[in-house]
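Peer 1: kindly generate the corresponding structure for this input.
(one chain, ligands or ions: 1)
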Amino acid sequence: MNILIINGPNLNLLGVREPDTYGNQSFDDYLFILQEKYSKTKIDYFQSNIEGEIINKIHEFGFSADGIVLNAGAYTHTSVALADAISAVETPVIEVHISNVYKREKFRHHSFLSPVCRGVISGFGMNSYRLAIEAFLNY
Ligand code: DQA
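Peer 2: Here you go, the predicted structure:
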């Protein structure tokens with residue numbers, strides 16, 4: 001099983017950025033824990049603040065990986081191009097959010113990605129990524 005985690009804009013600042021909303025842990029620290037826990041699963045990781053780079057990565061892994069876990073950050077709420085990229089590839093994508101976007105501002109309630117994703121996990125902190133991996137391992 002090969003899973004790619006993609007983090008979008010501003011998620012390189014996890015651990016520093018708005019800790020009340022996103023917690024104190026850096027993604028590198030969390031990724032290490034995930035890779036230890038799921039040692040039989042190959043978990044690749046990519047982060048970019050640039051929409052086109054995320055699209056390129058979805059194209060690169062989207063015909064070979066078993067699953068993509070995508071936290072597209074604010075692009076979730078704006079990007080038709082990302083939705084098209086998800087539709088274009090064969091690998092299923094699970095949309096994740098650290099925060100519960102439905103508890104937050106109204107502009108975060110709409111996702112261009114949800115209709116083309118396998119499912120959505122939102123609001124469980126860093127555990128949202130783990131739950132997405134569990135979903136791929138179990139289905
Ligand atoms: C986020 C929620 C988005 O609305 C926001 O723009 C982010 C992070 C989350 O993980 O909770 O950057 O995707």
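Peer 1: the helix or strand bottoming out on mean pLDDT in the chain and the ligand in contact?
Peer 2: Within the chain, no helix or strand scores below helix 19-22, which has a mean of 94 by mean pLDDT, DSSP states H and E. No - interface with the ligand: helix 19-22 contributes nothing (Cβ under 6 Å from any ligand atom), its closest point being 6.8 Å away. Using the backbone N, CA and C atoms, a C-beta is placed for each residue, glycine as well.
Peer 1: I'd like the distance from that helix to the chain centre, please.
Peer 2: Taking Cα atoms, centre = their mean, to the nearest Å, the mean C-alpha location of helix 19-22 is offset from the chain mean by 17 Å.
Peer 1: which other residues reach it?
Peer 2: The set of residues external to helix 19-22 that reach it, using Cβ atoms under 8 Å, 6 or more residues apart in numbering, is 14, 98, 99.
Peer 1: do stretch 104-119 as well
Peer 2: 67, 70, 72, 76-80, 82-83, 86-87, 92-95, 101-102, 120, 135.
Peer 1: near the ligand, which residues of the chain are found?
Peer 2: Residues of the chain found near the ligand (Cβ under 6 Å from any ligand atom) are 10, 71, 73, 74, 76, 97, 98, 99, 101, 108.
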